[in-house]
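Novice: could you work out the structure for the sequence below:
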Amino acid sequence: MQSTSEKKKSQISITFRQSNKISEVKLDLEDKKLQKDIPQELFNYDLEDNISEIFREIEREEKVTGIEQSAKQEFDNLVKNLGKHEQHLSTFKKVKQNVISKWTTVKNALLKRTDNNSVPALKKEEKQNLKTMYQVFIKLQESKKNLFQKFKEFDMPIATKSEGRKETHDLQKTSKSLDWLGWERDFIMLEKNKGPYGGAFFNNWGSWENNPYANFYDTEDEFNRDIQFVNQMITKIDGQIRVLQGQMNWDTRRTQQLQSRISFFQNLKTTNYPQKHVVIKIAEKLLQHMGQLN
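Specialist: The predicted model follows:
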């Protein structure tokens with residue numbers, strides 16, 4: 001008759017994750033030879049926990065692979081959409097070139113400038129393009145943020161060029177501010193609810209925190225100085241128009257020529273000429289956000 005101890009078997013329980021169920025595999029160590037051949041060190045820790053950790057690592061690697069594939073697909077889709085409109089990239093390069101090579105050479109002389117002739121102008125389609133590229137940049141930043149967060153959940157360290165750099169601006173708020181100031185129109189709105197007509201401009205946006213230009217200017221004083229310069233340009237243009245109109249009264253032989261000149265100056269007021277420096281400053285700030293000024 002076997003003793004109670006002999007009836008008992010030496011067992012190690014190993015658990016495997018199988019879908020949502022846990023199955024147990026029993027390793028019978030009743031065989032004396034098997035007991036002898038297994039190193040004693042194996043019994044100094046929990047094999048079940050060790051095997052479970054291995055399966056957790058496998059599961060973790062599978063999830064990481066899934067994250068990488070998802071991120072790559074999202075990035076490829078963004079690039080593919082841009083590829084359908086190659087003119088976006090060529091126009092963007094032109095805008096960037098205007099800002100870097102032309103604007104940076106004259107902006108330091110801003111306080112000494114008496115006109116906007118030397119300031120590079122951005123056409124309506126160029127402003128639209130810059131906004132489109134900025135929105136693509138926002139999507140990439142959001143995707144990167146989500147990707148980092150997912151990797152963080154699995155304690156996966158990721159080193160990037162932007163590591164340690166914190167955004168000091170709200171990208172979505174900046175993009176929305178472009179809508180507020182009519183960025184995609186022929187002219188921008190320096191004053192709330194006011195177009196290019198109607199005399200001098202004033203800063204009527206309220207508190208600086210609610211001013212859409214706060215996303216593109218370092219200080220409110222700088223913005224107010226630019227408004228003052230715009231008003232000076234408008235006054236100068238109006239003066240030229242009055243002189244030409246006066247000449248028409250006594251020089252009827254040049255009526256057509258003078259009228260053409262008057263139309264030219266009137267057109268300056270309805271476009272971005274007086275505000276060219278404001279437009280290019282905004283473009284510069286957008287490129288800076290995207291890391292494109294280097």
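Novice: surely Y134 touches M290?
Specialist: Yes: at 6.7 Å, Y134 and M290 qualify as touching, with contact defined as Cβ atoms under 8 Å. Any C-beta I mention is one placed from the backbone N, CA and C, and that applies to glycine too.
Novice: shared neighbours, those two?
Specialist: Overlap of the contact sets of Y134 and M290 (by Cβ atoms under 8 Å, 6 or more residues apart in numbering) is empty.
Novice: where does the prediction get shaky in the stretch 151-294 of the chain?
Specialist: Filtered on pLDDT under 70, the stretch 151-294 of the chain yields the residue ranges 151-169, 195-198.
Novice: that one: helices as residue ranges?
Specialist: Ranges of helices within the stretch 151-294 of the chain are 171-180, 220-250, 255-270, 276-289, based on DSSP state H, counting those that start in this stretch.
Novice: distance check, T270 against G246.
Specialist: From T270 over to G246 the distance is 22 Å, taken as Cβ to Cβ, to the nearest Å.
Novice: ok, Y217 to T91 distance?
Specialist: Note on Y217: its distance to T91, by Cβ to Cβ, is 25 Å.
Novice: check N224 too.
Specialist: From N224 over to T91 (counting by Cβ to Cβ), the distance is 32 Å.
Novice: then E184?
Specialist: Applying Cβ to Cβ, the value for E184 to T91 is 14 Å.
Novice: kindly report the same for A283.
Specialist: Distance, A283 to T91, by Cβ to Cβ: 12 Å.
Novice: show me what contacts E126?
Specialist: Neighbouring residues of E126 by Cβ under 8 Å, 6+ apart: 91, 94-95.
Novice: redo those as CSV? Include neighbour count and distance to V106.
Specialist: CSV is the format used below for the contacts of E126 (neighbours: other Cβ atoms under 10 Å; distance: Cβ to Cβ, whole Å):
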residue, neighbour count, distance to V106
T91, 19, 22
K94, 14, 18
V95, 22, 16
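Novice: could I get these as CSV with pLDDT, distance to V119 and secondary structure?
Specialist: Formatted as CSV, those follow (pLDDT from 0 to 100; distance: Cβ to Cβ, whole Å; DSSP: H, G, I helix; E, B strand; the rest coil):
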residue, pLDDT, distance to V119, secondary structure
T91, 84, 19, helix
K94, 85, 16, helix
V95, 86, 14, helix
